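Chemist: Need coordinates for the following:
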Amino acid sequence: MVYGGDLPSEQPIRIIRYANKVPLLYQPGSCAISQAVFDLDWRPYGLEQKQGKGQPYGPAIILIHVYGPRLPYTSESKEAISPVDEISEEVKAAIKQEMRFLKSFGNRREKMKKVAEKFNLFRRLIPEIATKCSAILGKSVPDIN
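Modeler: Predicted coordinates:
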């Protein structure tokens, strides 16, 4: 999962599909991986979705690799994975787990930004408070550094 950076937020997310170490380049609409991505509700994770369904929009790239000895492909050319419920549910569970981690990472980052802003605010105000207090008390300004 790649999120943010220079990725455009108004375009659909990019889904990179792999099965048994081979990229699935064709038939993305009939693949179990794509259908699992489209079935998820992405709004709680900060990505937009038109009418709550379908292709999510946002600054993200998802790489999904399904590995197994007997994957059910849609054809002999192995262009897409058949939409089997078990595979779809496992892909959804993996995506949800990764998105929860990504959301908690983003929340921690926002919290650290707020803490840094507060620290900088106090850093600017403490010298002013020291000069005002020393003026009121009639003493010299203490060294704050």
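Chemist: Might you report the residue contacts of His65?
Modeler: Residues near His65 by C-beta atoms under 8 Å, 6 or more residues apart in numbering: 18-19, 21. Just so you know, the C-beta spots here come from the backbone N, C-alpha and C atoms, and that holds for glycine as well.
Chemist: Correction: the previous question concerned Glu10.
Modeler: Applying C-beta under 8 Å, 6+ apart to Glu10 gives the contacts Tyr57.
Chemist: From Tyr57, how far out is it?
Modeler: 7 Å (C-beta to C-beta, to the nearest Å).
Chemist: before we move on, what about Ala93?
Modeler: In terms of C-beta to C-beta, Ala93 sits 23 Å off from Tyr57.
Chemist: neighbour count winner among the two?
Modeler: Per other C-beta atoms under 10 Å, whichever of Ala93 and Tyr57 has more neighbours is Tyr57, with 17 against 11.
Chemist: Select the longest helix from this protein.
Modeler: Counting by DSSP state H, the longest helix found in the chain is helix 85-137.
Chemist: From the contact counts, what lies against that one?
Modeler: In terms of contacts (3 or more C-beta pairs under 8 Å, 6 or more residues apart in numbering; DSSP states H and E), helix 85-137 is packed against helix 32-39, strand 60-66.
Chemist: Just checking: what are the partner strands of the following helix or strand past the first one?
Modeler: Right, the one you point to is helix 32-39. Downstream of helix 32-39, the first helix or strand assigned by DSSP states H and E is strand 48-49. Here strand 48-49 is paired, per DSSP bridges, with strand 56-57 (antiparallel).
Chemist: Nice, that's everything, thank you.
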